[in-house]
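Undergrad: any chance you can model this:
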Amino acid sequence: MTERPSIDEYFLEIATVVAKRSTCLRNRVGAVIARDKRILSTGYNGAPRNMEHCLDIGCIRQQNNIASGTRHEKCRAVHAEQNAIIQAALHGVSTDGATLYCTHQPCILCAKMIINSNIKKVVYIQPYPDADSLVFFEESGVEVVNIPVSDFA
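TA: Below you'll find the predicted structure:
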């Protein structure tokens, strides 16, 4: 009999499926916002609404050799975490006290949005080269848990 996944593993697995919709050429990222064992919103990284995707026109970050975790403003995509928060807002769904599950550690820009969305916990699979976000989470009291894919795959 297969072992039943924990609730964190369950939502992380869903985030990995959401990431398959990503249109980013560098990192396919998926996010799920949940509270009380229920999905509130999902998001994946891709170009803003009604704009061409990197899959179709290429990646400006690759073209300019911009290192991962730096110069976030040079990315055409809206991050998965941002899209999940935006979708919740568009549909009038409160993120107060929720948990954000993500395939990758949030960057500093996403960390600020997560903190101001009153999300209380972040669970992610892949580390990301942006240690500042972890500092912000610690300072603001957001719990952060890293569950490497090897722990539940």
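
Undergrad: only C-alpha atoms from now on, for both contacts and neighbour counts.
TA: Noted.

Undergrad: dump the residue contacts of the spatially most central residue of the chain.
TA: Within the chain, the residue whose C-alpha comes closest to the C-alpha centroid is Glu81; the distance, by C-alpha atoms, centre = their mean, is 3.7 Å. Under the criterion of C-alpha atoms under 8 Å, 6 or more residues apart in numbering, the neighbours of Glu81 are 30-32, 43-44, 100, 102, 106, 110, 114.

Undergrad: if we go to 6 Å?
TA: Ala31 (C-alpha atoms under 6 Å, 6 or more residues apart in numbering).

Undergrad: my read is it is in a helix, agree?
TA: Yes - for Glu81, which was evaluated using DSSP: H, G, I helix; E, B strand; the rest coil, the result is membership in a helix.

Undergrad: need the pLDDT of it.
TA: Predicted confidence (pLDDT) at Glu81: the value is 98.

Undergrad: for Glu52, same thing?
TA: Looking at Glu52, its pLDDT is 81.

Undergrad: helix or strand: which one has it?
TA: Element membership of Glu52, judged by DSSP states H and E, is empty: it is in no helix or strand.

Undergrad: just give me the neighbour total for Asn146.
TA: Other residues near Asn146 number 16, with proximity taken as other C-alpha atoms under 10 Å.

Undergrad: so what's it bridging to?
TA: In this structure, Asn146 bridges to Tyr124 when assessed by DSSP bridges.
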